[in-house]
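Engineer: sharing a model prediction with you, sequence too.
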Amino acid sequence: MRQKLRIPAEWERHAACWLAFPHLQQEWPANLPEAQRSIAELCRAVAGPGDEPVVLLVANEEVEEQARTLIGDLPNVEYVQKAYGDCWVRDTLPMIGHAAGDGLGALCFDFNGWGGKFEIPGDEELGNWLTARLGARRFECPIVLEGGAVETNGRGTFITTASCALNANRNPGLTRSAFEDALDQQVCVERWIWLDEGLAHDHTDGHVDMIARFVSEDAVLCMRPDRDAPNERVLCAVRTDLQRHGLVVVEVPSPRLVTAPDGSPLPASYANFYIANGAVIVPTYDLPEDGDALREISKAFPGREVIGLAARHLLWGGGAFHCVTQPQPIWP
């Protein structure tokens, strides 16, 4: 029987959290310093109350010096100089899991810059580099996808969105059945839950980590489809689909409209949190809904400190804290 990879739930203990420091002015034309400060604050939260070592990719000595200045002297932050594109390592690094007696394994998708929209030199090579560095066994999946497009409870249930996984800009002509078969060849899967689409204005074509996140083996957090809130129809469908599959739905408020400096709408989400060993770091947007969201998320994670960090500047670039983190699980 072919050995398969088990992808842990994010609340299982991590050996490290991988991040990358933003450094390309052309990718952050209006707010590179602010995006860098956001990543620095996230590093401090994960490495401090999050009780989790951080490995931060920096493009060169100059970028490393910028990062060290903003982060400060923290003993459990390691700086690694490596060529890369941008900071979205949830998608540009492989998903790390347990490969039975072989130690760590890496689920490696083909990557095409989020459907050809953002192809940045250095991003495509990161997967090979990380698996070699970790000595992880590669589990090659011959479909185009990103880590933010799949969510798992660590026990074989996976959630994804058809708008991303089956998009013609990634996998033209791919069916749900063929997608599931391709993953089943590599990963321990018991069932797939398909959601139709993600948030409007999400340039990932609807990553699931913006709309539905496991908080326990049988409970999923999503945003409440409040009347007149952005994405009301999508959020209502998400809730219905999750309940139809027998999952407990934990709801938090939906943030009101958040816009970029030019007035264009952004896909703000409280679901794009990162679960560190000792804390949950939640994106906030300086909105009245922030406090209620943090309180509800705290109830879902007893024993972990819930930390709200400002995420507007990262959101201008396309995502929040789950999008810029990649956990490395502890090998049992």
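Structural biologist: Perfect, I can see it now.
Engineer: just how off-centre is the helix of greatest length in the chain within its chain?
Structural biologist: Scanning the chain for the helix with the most residues, using DSSP state H, yields helix 32-47. Its chain's C-alpha centre and that of helix 32-47 lie 16 Å apart, by C-alpha atoms, centre = their mean, to the nearest Å.
Engineer: next, the angle helix 32-47 makes with the next helix or strand after that helix.
Structural biologist: Helices and strands here follow DSSP states H and E; after helix 32-47, the next one along the chain is strand 54-58. Strand 54-58 and helix 32-47 are oriented at 160 degrees to each other (axes from the mean of the first three to the mean of the last three C-alpha atoms, to 10 degrees).
Engineer: so what does the very next helix or strand once past strand 54-58 touch, helix or strand wise?
Structural biologist: Counting by DSSP H and E, the next helix or strand C-terminal to strand 54-58 is helix 61-71. Under the contact criterion of 3 or more C-beta pairs under 8 Å, 6 or more residues apart in numbering; DSSP states H and E, helix 61-71 touches helix 32-47, strand 54-58, strand 77-81. In short, each C-beta sits where N, CA and C put it, glycine included.
Engineer: centre of the chain to stretch 8-21, how far?
Structural biologist: 10 Å.
Engineer: separation between Glu61 and Cys87?
Structural biologist: 18 Å (C-beta to C-beta, to the nearest Å).
Engineer: these two - which one has more neighbours?
Structural biologist: Counted by other C-beta atoms under 10 Å, Glu61 and Cys87 do not tie: Cys87 has more neighbours, with 29 against 10.
Engineer: now name the helix or strand holding Ile193.
Structural biologist: Using DSSP H and E, the element containing Ile193 is strand 191-195.
Engineer: contact partners of that strand?
Structural biologist: Residues from elsewhere that reach strand 191-195 (C-beta atoms under 8 Å, 6 or more residues apart in numbering): 156-162, 176, 180, 183, 208, 211-212, 237-238, 241-242, 245, 247.
Engineer: likewise stretch 237-254?
Structural biologist: 193-197, 211-212, 215-216, 218-226, 229-232, 235, 270-271, 289, 292-293, 296-297, 299-300.
Engineer: model confidence over stretch 32-46, on average?
Structural biologist: Stretch 32-46 comes out with an average pLDDT of 98.
Engineer: just the buried residues of that stretch, please?
Structural biologist: For stretch 32-46, the neighbour count (16 or more other C-beta atoms under 10 Å) marks 32, 34-46 as buried.
Engineer: out of the residues you listed, which is nearest to Asn112?
Structural biologist: Of all those, Ala35 has the smallest distance to Asn112: 23.5 Å, by C-beta to C-beta.
Engineer: I'd say the closest one and Cys87 touch.
Structural biologist: Yes. Ala35 is within contact range of Cys87, at 7.5 Å (criterion: C-beta atoms under 8 Å).
Engineer: any common contacting residues for the two?
Structural biologist: Pro22, Gly317.
Engineer: and the pLDDT for the nearest residue to Met95 once chain neighbours are set aside?
Structural biologist: Using C-beta to C-beta, 6 or more residues apart in numbering and skipping the chain neighbours, the partner closest in space to Met95 is Leu107 (4.3 Å). Leu107 is assigned a predicted lDDT (pLDDT) of 97.
Engineer: against Trp28, how distant is the residue lying closest to Pro253 once chain neighbours are set aside?
Structural biologist: Distances taken as C-beta to C-beta, 6+ apart place Glu289 nearest to Pro253, at 4.1 Å, with adjacent residues excluded. Remark: distance between Glu289 and Trp28 (C-beta to C-beta) = 26 Å.
Engineer: for Pro8, same thing?
Structural biologist: 32 Å.
Engineer: now swap in Ala168 and tell me
Structural biologist: When C-beta to C-beta is applied, the distance between Ala168 and Trp28 equals 29 Å.
Engineer: among those two, which residue is more densely surrounded?
Structural biologist: Trp28 (20 against 9).
Engineer: wait, that one touches Phe21, no?
Structural biologist: No. The criterion here is C-beta under 8 Å, and Trp28 misses it with Phe21 at 11.4 Å.
Engineer: show the average pLDDT along stretch 71-87.
Structural biologist: 96.
Engineer: what do you get for stretch 301-308?
Structural biologist: On average, stretch 301-308 scores 97.
Engineer: what's in contact with that stretch?
Structural biologist: Under the criterion C-beta under 8 Å, 6+ apart, residues 11, 45, 49-50, 215, 275-276, 278-284, 290, 293-294, 297-298 lie in contact with stretch 301-308.
Engineer: so of those, which ones are in helices?
Structural biologist: Short answer: those in helices (DSSP H) are Ala45, Asp290, Ala293, Leu294, Ile297, Ser298.
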